[in-house]
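Trainee: I would like the atomic coordinates for the input below:
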Amino acid sequence: MLKIRYGKHARFRMVERGISDKEIRTAIIKGTKRIQNGKIVSSYLYFEVVYKKIKDEIYVITVKPRW
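Mentor: Sure thing, here's the model as predicted:
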């Protein structure tokens, strides 16, 4: 099971955009990934998740719309 931690900014954006923890988990697992400035960007449905993998944890930095 993935251990996912969220930064304060990421939580704010999730609430603002109506994106759930479950959607974030699915985006990280199934989304199309690319590397940008040392971070992983996973594109899924209508949003992108920007995160870093630190040891055995995923640290979500932000969530943004795809456009």
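
Trainee: which of the three states applies to residue 14?
Mentor: Look at residue 14: counting by DSSP: H, G, I helix; E, B strand; the rest coil, its state is helix.

Trainee: who does the residue nearest to it when sequence neighbours are not counted bridge with?
Mentor: Nearest residue to residue 14, sequence neighbours excluded (CB to CB, 6 or more residues apart in numbering): residue 63, at 5.4 Å. (Glycine included, C-beta is placed from N, CA and C.) Legend: beta-bridge partners of residue 63 under DSSP bridges are residue 49.

Trainee: all strands for the protein, in order.
Mentor: 3-6, 32-36, 39-44, 47-54, 57-65 (DSSP state E).

Trainee: Provide the contact partners of the fourth one at residue level.
Mentor: With CB atoms under 8 Å, 6 or more residues apart in numbering as the contact definition, strand 47-54 has outside contacts at 17, 19, 23-24, 27-28, 31, 36, 38-42, 58-66.

Trainee: per-residue confidence for the residue nearest the centre of the chain?
Mentor: By CA atoms, centre = their mean, the chain has its centre lying nearest to residue 49, at 2.8 Å. Reported pLDDT at residue 49 in the predicted model: 98.

Trainee: what about it, distance to residue 8?
Mentor: Applying CB to CB, to the nearest Å, the value for residue 49 to residue 8 is 16 Å.

Trainee: pull the CA atoms of stretch 48-63 into CSV?
Mentor: Extracted as CSV, the C-alpha positions of stretch 48-63 are listed here (Å, rounded to 0.1, in the frame of the first residue of the first chain):
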residue,chain,number,x,y,z
GLU,A,48,-2.2,16.6,-12.5
VAL,A,49,-0.5,15.6,-9.3
VAL,A,50,3.0,17.0,-8.6
TYR,A,51,4.9,14.9,-6.1
LYS,A,52,8.3,13.5,-4.9
LYS,A,53,9.1,10.0,-3.8
ILE,A,54,11.0,10.2,-0.6
LYS,A,55,12.2,6.7,0.6
ASP,A,56,9.1,4.6,0.7
GLU,A,57,6.6,7.6,0.8
ILE,A,58,4.9,9.8,-1.8
TYR,A,59,4.9,13.5,-0.8
VAL,A,60,2.3,15.4,-2.8
ILE,A,61,3.3,19.0,-3.4
THR,A,62,0.3,20.3,-5.4
VAL,A,63,-2.6,19.4,-7.5
